[in-house]
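Q: this one's structure only:
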């Protein structure tokens, strides 16, 4: 069992090992460090954004063992031993993930700030439901706010990805 | 579909060239910037709306390990930086010295080695406040015994900021005397907030070795901000570089200069290390540029079914500092567009502004300077009048529209509308809607006890500020610029004075060059936001990028094309008059096989020039538009109202926009859908309000509601095209049409569902409790 260490008065660290986008990362982190800051500051993965600090907007969404979580409302120590996927892990050696293609093809993004969280939430939906209806897509994405697009093209982007993945047999 | 050789210029829905980095998580926003030895700054904000500061004791905070400095207003005052000018000629406290004047006002700043330590230290600053009575409405502010909020201002003995008038008072009074009917509407456009998903922030890097201040900041107007920084700080302007990197939405929120930017820059200057300040969401909602908060009365004079006069009286709540971002000559912004789409012979606008103990601002949330408020008032008033005189709101609009043949049209308040065809847009909406069938369905439904409402808004906007004679911000004329360099291999770099916050400039502006010079969009890199490397411009807001910078991009291309023609004539050993230009290629008249492509000409510009010609193929153009542009459209919203709960649901939303020539139709439609969603949010849920003590309610996304994918309706879009006669490309701008036009359509729809029982108004946001209360009052609640 790992030990918490007091490095200065009132400041405690804890060793964690988190697999991020397939690579294991070990670090001693302050116990109060938010997961989003672990990703952005400790690992330098700045594709995950902070939009509201209170889990209200979904910009910081990442996948924890495949499930969307809001990384601004989780501690890094809670991710110890788990697998995280961020936007940087969506594409593979074969190229872009179909959801990334969908956002580009259907003009599903404008400023791009909500896009990583949106795409991760959508990819988790598609992993569970390969042919979602428009209402199912809208419901699944309702924890992620977009201020630019009005969502209609985001829905189309998810439908594009679903069709592409069906064609590819993914 | 584009063929292989077709130039993808104007009218092509080119997929966005900027998408690649955003979908890979490779955007570069201010918060992503990390410099060596960088420090982190957090702001301490006032818990009170109005209080005298007796003392500030920062000693405990200073002792916390990791804290580098605590900055107070007193420290800034030593450098003459405790106050700064606002964009509308007032002053604003950077850090409070004497009093705090709104809840959330900046009181002190902590600079530390980590953001967590900086936040910890805020808790250790002891401020001794003496609370004062808070003024929370402009009506209260203008009462004779109201506490004076800006008592530090010389000559300010009350809370009035301005009184402003436009139009013709006498002629309008006369019209009202001659009227056989006067219809009035009192309404309030509540305080809301642009709330871009990315908050404001900066990384200020004043390099002690070079003396250069590089400030990476969330700025919609980097060049104007550089000049203002120079004026405020006293640093020479060539030693200031503002870099506005990728911006996570702006909507007007990132036009003003906020105290955080100034304190971070001052801290970096004094400490000699880079300082990052990133606002949190609560800070964003309670202290940065809110929008609206406008009390309005509109009166329409009628003779039969003709509008013969319009009178409006406005009272604006500007918060503690007059920090509206707007042209200096127009205290109520461009509100005098209030005659809208109608041929009203005379109008008079009277506007007052007041200080209150609320956050400063009054930014144009996705609109041009009070145009949204004006459009909302006239479109609501027109519908009210139609009910009162017993005419279908659609026919009432049609009767009073400015007719196609009347353009260019001079409005009663002095605007010259460039072009329009209002009936065409209305007719297209009615056709898509199946208006007559829908009216029948509505009547039948009423008999069965079901409530359906149809709301229309036929808006006219004024955008593209603006011609330099009348438009300036803090004295800077509102032109914009484009600099184009064609490289030897025919690839190009286009540098602009505007700055995208998601509008897709990297694609749209490349298409303008493609249209003009025949270089494909992907061969053109568009650069913006870095004041050391782009020409001066006033920035992106007020739907001005395409009307102003878009025109500049076209004009600079035409300058370059003239030189290219001379080079081509030299290469083809013919005279310029013997050349024909079709996009991308010069050819000899009568010998189309003999030609030179723009790429070949570009190469020659560096390798094989006519005798005596200067090398290179580049230019710059500063465009001062001859007039504003006037986009328009008609929106229709159909709602169903639940008599049991007062909830209303949008069944259909048909939006026909005419923004002149569309450069990238896909991007234009994206802008419209985004604007419709923000308009829906404003009509349905977005509200910042205050209790009697001046506590802000709406300080996070649990209290300040934004539409999600679940509530947001589906959109049916349509277009008509009436080019602007004075814009080189015929384009008018579109970013804000939908936010301007749609709120009235939503509210009109809910009102219409209950109009038959005498309901005439709902105040925004139209929440289900307001509707349910109205249903109860008329005995329709279930």
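A: All right, it came through fine. Just so you know, these numbers come straight off a predicted model, no measurement behind them. Residues are numbered from 1 along each chain as shown, chains lettered A, B, ... in the order given.

Q: How about the contacts made by the one residue in chain B that gets nearest to chain A?
A: With C-beta to the nearest C-beta, the shortest gap between chain B and chain A falls at residue B:25, namely 2.1 Å. (Glycine included, C-beta is placed from N, CA and C.) Neighbouring residues of residue B:25 by C-beta atoms under 8 Å, 6 or more residues apart in numbering or on different chains: A:45-48, A:86-88, A:90, A:116.

Q: ok, 7 Å please
A: Applying C-beta atoms under 7 Å, 6 or more residues apart in numbering or on different chains, we find residue B:25 in contact with A:47, A:86-88, A:116.

Q: Check which helix or strand it maps to.
A: Under DSSP states H and E, no helix or strand contains residue B:25.

Q: Which of the contacts of residue B:25 sits closest to chain B?
A: Checking those one by one against chain B (C-beta to the nearest C-beta), the nearest turns out to be residue A:47, at 2.1 Å.

Q: What sits closest to the closest one if chain neighbours are left out?
A: The shortest distance from residue A:47 to any non-neighbouring residue, by C-beta to C-beta, 6 or more residues apart in numbering or on different chains, is to residue B:25 (2.1 Å).

Q: Just the helices from the stretch 301-450 of chain B, written as ranges.
A: B:371-389, B:393-400, B:422-433, B:435-447 (DSSP state H, counting those that start in this stretch).

Q: Can you list the neighbours in contact with the shortest one?
A: Yep, that's helix B:393-400 we're talking about. Outside helix B:393-400, the residues within contact range by C-beta under 7 Å, 6+ apart are B:305-307, B:342-343, B:382-383, B:385-386, B:423, B:426, B:430, B:435, B:456, B:458.

Q: Out of the residues you listed, which end up buried?
A: Among the contacts of helix B:393-400, those classed as buried by neighbour count (16 or more other C-beta atoms under 10 Å in any protein chain shown) are B:307, B:342-343, B:382-383, B:385-386, B:423, B:426, B:430, B:435, B:456, B:458.

Q: packing partners for the longest strand anywhere in chain B?
A: The longest strand of chain B (DSSP state E) is strand B:290-303. Packing contacts for strand B:290-303, counted by 3 or more C-beta pairs under 7 Å, 6 or more residues apart in numbering or on different chains; DSSP states H and E, involve helix B:169-178, strand B:181-192, strand B:306-317, strand B:361-363, helix B:371-389.

Q: Filter the contacts of residue B:25 down to the ones in helices?
A: residue A:116 (DSSP state H).

Q: Now the two most distant members of the contacts of residue B:25.
A: A:88 and A:116 (8.6 Å; C-beta to C-beta).

Q: Tell me the residues that contact both of the two, please.
A: With C-beta under 7 Å, 6+ apart, residue A:88 and residue A:116 have common neighbours A:47, B:25.

Q: any low-confidence regions in chain A?
A: Residue ranges of chain A with pLDDT under 70: A:1, A:169-170.

Q: What helix or strand is the residue nearest to residue B:576 when sequence neighbours are not counted located in?
A: Spatial nearest neighbour of residue B:576, excluding adjacent residues (C-beta to C-beta, 6+ apart): residue B:569 at 4.5 Å. Using DSSP H and E, residue B:569 falls within helix B:551-572.

Q: Now do that helix: which elements does it pack against?
A: In terms of contacts (3+ C-beta pairs under 7 Å, 6+ apart), helix B:551-572 is packed against strand B:480-486, helix B:505-517, strand B:579-582, strand B:585-588, strand B:591-597, helix B:598-607, strand B:618-623.

Q: what does the average pLDDT come to for that helix?
A: Throughout helix B:551-572, pLDDT has a mean value of 98.

Q: contacts for it?
A: Residues outside helix B:551-572 that contact it (C-beta under 7 Å, 6+ apart): B:480-484, B:486, B:494, B:509, B:512-513, B:516-517, B:575-576, B:579, B:586, B:588, B:594, B:596, B:598, B:601, B:604-605, B:608-610, B:617-623, B:625, B:727-729.

Q: What segments of the stretch 201-350 of chain B are strands?
A: Applying DSSP state E, counting those that start in this stretch to the stretch 201-350 of chain B gives strands spanning B:201-206, B:213-217, B:240-243, B:275-278, B:290-303, B:306-317, B:347-354.

Q: Partner strands of the first one, with direction?
A: Meaning strand B:201-206. Using DSSP bridges, strand B:201-206 pairs in its sheet with strand B:213-217 (antiparallel), strand B:275-278 (antiparallel).
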